[in-house]
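1. Sequence first, then the predicted structure:
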Amino acid sequence: MSASSASLRHESAVGHVTGRAIYTDEQRPPSGMLSVYPVQAPHAHARILAIDTAAALALPGVHAVLTASDVPGENDTGPIFHDEPLIPPDTVLFYGQAVAWVVADDEALARAAAKQVSVIYEALPALLSIEQAMAAQAFHLPPAKVARGDASAAMARAPLRLSGELQIGGQDHFYLETQASWVEIDSEGTVQVASSTQHPTETQIIVARVLGLPAHRVVCRSLRMGGGFGGKETQANPYAAIAALAAYKTGRPVRIKLSRGLDMQMTGKRHPFLGRYEVGFDARGELLALKVELIADGGWSCDLSPPVLMRAMVHVDNAYFVPDIEISGLIARTHLASNTAFRGFGGPQGMLVGEEVLARVARHLGLPAHEVRERNFYRPATDGNGDRNQTHYGQPVVDNHLPALWQQLLRESEFVARREAVAAFNACSAQRKRGIAITPVKFGISFNKTEYNQAGALVHIYSDGSVQLNHGGTEMGQGLHTKMLAVASRVLGIDMARIRIMPTSTDKVPNTSATAASSGADLNGQAVKAACETLLARLRPVAAELLGVTPEQVRFADDAVFADDGSGERLRFEAVVGAAYRARISLSSTGFYRTPGLSWNPQTGQGHPFYYFAFGAAVSEVEVCGYTGVHTLRRVDLLHDAGDSLAVAIDRGQIEGGFVQGLGWLTCEELRWNDAGKLLTDAPSTYKIPTVCEVPEDFRLTLFRRSEPPTTQVIFGSKAVGEPPFMLAMSVREALREAVAAFGGDAREVSLGAPATPEAILAAIERVREGVGL
């Protein structure tokens, strides 16, 4: 990593801490702006028999009540399948679904008017869990399958076998800024959308679809987001579309910003999963066969559930080689909010099932879990284990640093000595027990869908030497804009102060992919690099003529232009730019990038879906109270491969933040619904995200330094850090399992809920104390 990358700070850091950073709903409002508010259904499944809007429309300041009949185009916001009506025409499909929207002078009036809208429903039976959907055979799509070898035959031959199931809870995105959009139709009839969206192009397409317009009549901008985590990849679209429909209907600018309660009630979550498995293994704990069935709770529509399920299916293996393996998957159709993308995109759910299997095997055999895990690693082909270096979907595990990374973390965390210390503590403590665990992460980087692995950029150099940078990625606090500034600065050889990055907009960079799949810097960085290299190629001959050298001798660095002949003459960057302008040379360029070497066959479940893998490992040590199930996270050691970081402080923040968010998913964030399908945990008072109290005081993070350069051409040798660190938190759950087992005299089976809340931990302690599963 360079010295500049080590000192680079977030480009909006000062704005964030001073409050000067402007978000979608904090812009200067145009004259006459209206607000909208939903009329929500009090049923999870019902027919809409009648809607009476007269009382609401009679209120002064109410301009419209939008229903399905008001949609001029297609009443659909589905990103893959056209199965998501913007406003349901006749059937309610989840509790709290908006059956109408009131448009009024302000939000308070719209909310009051929404209560005056009378709706008559006929309640219908509702499916509110994966188990209920399975019993009714209610699924969104046919089963999916990914397999290698003959798992059934290998299972029959295996000397030892275990089976089980794991229920995995969902997770609310709980971004600081809830869903928000502003829409205004300008004097030329162009629909101007400002949206808190991770995918401006898709928001543009959905708004155009709903209004019955071509895409060129809609411009979507994303200023910045106060968090996204996948929750604004597709689910920003309907709210932008509602605001656009209201603007279209009234001829006035319209804003929408959901309250926290509405956001939690109406938007999808991380998919809850049910995982069922059977594993065959030998006395050393080496995996011989594995069969897994994954059922994801898709909610009322497909949304992104198919690719979420597929990523879970291709991440069940995590870091482990299984010679004969069969993974099948289904998406349950339930009457709940449609679940969607969330950091890791199904990968965490699949990996959690895999870690459950490894933990069960190790504990059944009475072997140290860290040894069993390492014994089953994928191994680099250079170790003479070529047959143990290919995934079950046919992709080799390239640049596999995990064995070396694992050994480094064992040493630096003093894992073996601390494990002995934990055992000594437990022997002397009856009601408080400790546990320590180490878990690995192998996570594939690229979009599941090959066509999304592309990006564009637009770079302008002005005649005074200042630069304007546009790219297709969106900024949600993760530091993507900062990294793009670093790329442009590095390629052009100029100070970052010369460069101004612009809000992401579909009229600057069209046909963009979502900022997701941990690919934002990989894709957009290469596009920015390509645009800047085009500009350098135009400037280099101009500089060569001014310096009296050949173009090949010209260097752009340190905010100056000079020759590498040792002459010492240096030109100011703006002098070269000015000369190029006078010579009528274009100072504007687009850049484009598509990730090479990707392929995927969804029918066979085989291919090369990922450009590379990100690796990491974590050691967590916990202490658990036997009276309450409450735990303390005593210490965490993280070792993660970020490659040659583009911005060290930002990458460290992403790794730490990802771990803490994963910690929340696995220990304290619990979603609850009542028997009618109403979400009960729809506020910070009822939904517990991790706070500073849950983060250990002893929190250690090291960036792994690889010994060899990567074989893939990633941007300046950097690697993704958005999603992979989330799964490092699995070490906490495994440490909790170790602590719980100690209450039962090192129990041979520990069934632990996900999330492992104090209630779930206490129940697990009681089971091991009673000898259940021993």
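-> Sure thing, it's come through. Numbering: from 1, shown residues only.

2. and Leu485, what element?
-> helix 480-492 (DSSP states H and E).

3. burial of Pro403, as a residue count?
-> By other CB atoms under 10 Å, 17 other residues sit near Pro403. Heads up, the C-betas are built off the backbone N, CA and C, glycines and all.

4. how near is it to Pro709?
-> Distance of Pro403 to Pro709, computed by CB to CB, to the nearest Å: 18 Å.

5. other SSEs contacting the helix holding Leu485?
-> strand 467-471, strand 499-501, helix 520-547 (3 or more CB pairs under 8 Å, 6 or more residues apart in numbering; DSSP states H and E).

6. Let me have these in JSON lines, adding mean neighbour count, distance to Leu639 and mean pLDDT as columns.
-> Listed next are these as JSON lines, based on neighbours: other CB atoms under 10 Å; distance: least, CB to CB, whole Å; pLDDT from 0 to 100:
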{"stretch": "strand 467-471", "mean neighbour count": "23", "distance to Leu639": "31", "mean pLDDT": "98"}
{"stretch": "strand 499-501", "mean neighbour count": "19", "distance to Leu639": "32", "mean pLDDT": "98"}
{"stretch": "helix 520-547", "mean neighbour count": "22", "distance to Leu639": "21", "mean pLDDT": "98"}
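
7. Could you provide those in JSON lines, with additional columns for distance to Asp150?
-> What follows is the helices and strands packed on helix 480-492, written out as JSON lines (distance: least, CB to CB, whole Å):
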{"stretch": "strand 467-471", "distance to Asp150": "47"}
{"stretch": "strand 499-501", "distance to Asp150": "53"}
{"stretch": "helix 520-547", "distance to Asp150": "37"}
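
8. Dump the helix or strand hosting Glu122 to CSV, keeping only the CA atoms.
-> Assigned by DSSP H and E, Glu122 belongs to strand 118-123. C-alpha atoms of strand 118-123 as CSV (Å, rounded to 0.1, in the frame of the first residue of the first chain):
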residue,chain,number,x,y,z
SER,A,118,-62.0,3.8,3.9
VAL,A,119,-61.1,0.4,2.6
ILE,A,120,-63.2,-2.7,2.8
TYR,A,121,-61.3,-6.0,2.9
GLU,A,122,-62.1,-9.7,2.8
ALA,A,123,-59.5,-11.4,4.9
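
9. List the strands paired with that strand, with their directions.
-> When pairs are called by DSSP bridges, strand 118-123 turns out to pair with strand 46-52 (antiparallel).

10. What is the subsequent helix or strand relative to the partner strand?
-> helix 54-57.

11. rewinding a little: in the helix or strand just after the strand holding Glu122, which residues are buried?
-> Using DSSP H and E, the helix or strand that follows strand 118-123 towards the C-terminus is helix 130-135. Buried residues in helix 130-135, counted by 16 or more other CB atoms under 10 Å: 130, 133.

12. same deal with stretch 176-188?
-> Neighbour-count burial for stretch 176-188, counted by 16+ other CB under 10 Å, picks out 177-185.

13. which ones among these are found in strands?
-> When strands are assigned by DSSP state E, the members of the buried residues of stretch 176-188 inside them are 180-185.

14. Next, give me the two most distant ones among these.
-> Ala180 and Ile185 (18.4 Å; CB to CB).

15. Can you check what angle separates the helix or strand that Ala243 is a member of from strand 180-185?
-> According to DSSP H and E, Ala243 maps onto helix 237-250. When axes from the mean of the first three to the mean of the last three CA atoms, to 10 degrees is applied, the directions of helix 237-250 and strand 180-185 differ by 30 degrees.

16. Give the next helix or strand downstream of the helix or strand bottoming out on mean pLDDT in the chain.
-> In the chain, the helix or strand scored least confidently by mean pLDDT, DSSP states H and E is helix 3-7, which has a mean of 66. Per DSSP H and E, helix 3-7 leads on to helix 13-18 as the next helix or strand towards the C-terminus.

17. Pull the distance from that following helix to the chain's centre.
-> 24 Å (CA atoms, centre = their mean, to the nearest Å).

18. From the contact counts, what lies against the helix or strand just after it?
-> Heading C-terminal from helix 13-18, the first helix or strand you meet, by DSSP H and E, is strand 34-40. Helices and strands touching strand 34-40, by 3+ CB pairs under 8 Å, 6+ apart, are strand 62-66, strand 98-104, helix 107-114, helix 237-250, strand 254-257, helix 260-266.

19. Turn the ones you listed into a markdown table, including mean neighbour count.
-> Shown next, in a markdown table, are these (neighbours: other CB atoms under 10 Å):
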| stretch | mean neighbour count |
| --- | --- |
| strand 62-66 | 23 |
| strand 98-104 | 25 |
| helix 107-114 | 19 |
| helix 237-250 | 26 |
| strand 254-257 | 26 |
| helix 260-266 | 20 |
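
20. JSON lines please, covering these and showing distance to Leu469.
-> As requested, the helices and strands packed on strand 34-40 are arranged in JSON lines below (distance: least, CB to CB, whole Å):
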{"stretch": "strand 62-66", "distance to Leu469": "38"}
{"stretch": "strand 98-104", "distance to Leu469": "37"}
{"stretch": "helix 107-114", "distance to Leu469": "35"}
{"stretch": "helix 237-250", "distance to Leu469": "25"}
{"stretch": "strand 254-257", "distance to Leu469": "28"}
{"stretch": "helix 260-266", "distance to Leu469": "32"}
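
21. between the ones you listed, which one is nearest to Gln132?
-> Closest among the helices and strands packed on strand 34-40, using CB to CB: helix 260-266, at 20.3 Å.

22. in the helix or strand just after the closest one, what's buried?
-> As assigned by DSSP H and E, the chain's next helix or strand after helix 260-266 is strand 273-281. Buried positions in strand 273-281, judged by neighbour count with 16+ other CB under 10 Å: 273-275, 277-281.

23. Note down every partner strand of strand 273-281 and its orientation.
-> strand 160-168 (antiparallel), strand 287-299 (antiparallel).

24. Packed most tightly, which of the ones you listed would that be?
-> strand 287-299 (a mean of 25; mean count of other CB atoms under 10 Å).

25. ok now that one, how far from the chain's centre?
-> Relative to the mean C-alpha coordinate of its chain, strand 287-299 is positioned 21 Å out (CA atoms, centre = their mean).

26. what about that strand, average pLDDT?
-> On average, the pLDDT along strand 287-299 is 98.

27. May I have that strand as PDB, with CA atoms only?
-> Extracted as PDB, the C-alpha positions of strand 287-299 are listed here (Å, rounded to 0.1, in the frame of the first residue of the first chain):
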ATOM      1  CA  LEU A 287     -15.800 -34.300   5.000                       C
ATOM      2  CA  LEU A 288     -16.600 -37.000   2.500                       C
ATOM      3  CA  ALA A 289     -20.200 -36.100   1.400                       C
ATOM      4  CA  LEU A 290     -22.700 -33.300   2.000                       C
ATOM      5  CA  LYS A 291     -26.300 -32.800   1.100                       C
ATOM      6  CA  VAL A 292     -28.000 -29.500   2.000                       C
ATOM      7  CA  GLU A 293     -31.400 -28.200   1.300                       C
ATOM      8  CA  LEU A 294     -31.800 -24.400   1.600                       C
ATOM      9  CA  ILE A 295     -35.200 -22.700   1.800                       C
ATOM     10  CA  ALA A 296     -35.200 -18.900   1.700                       C
ATOM     11  CA  ASP A 297     -38.200 -16.900   2.800                       C
ATOM     12  CA  GLY A 298     -38.800 -14.700  -0.200                       C
ATOM     13  CA  GLY A 299     -41.800 -12.900   1.100                       C
END
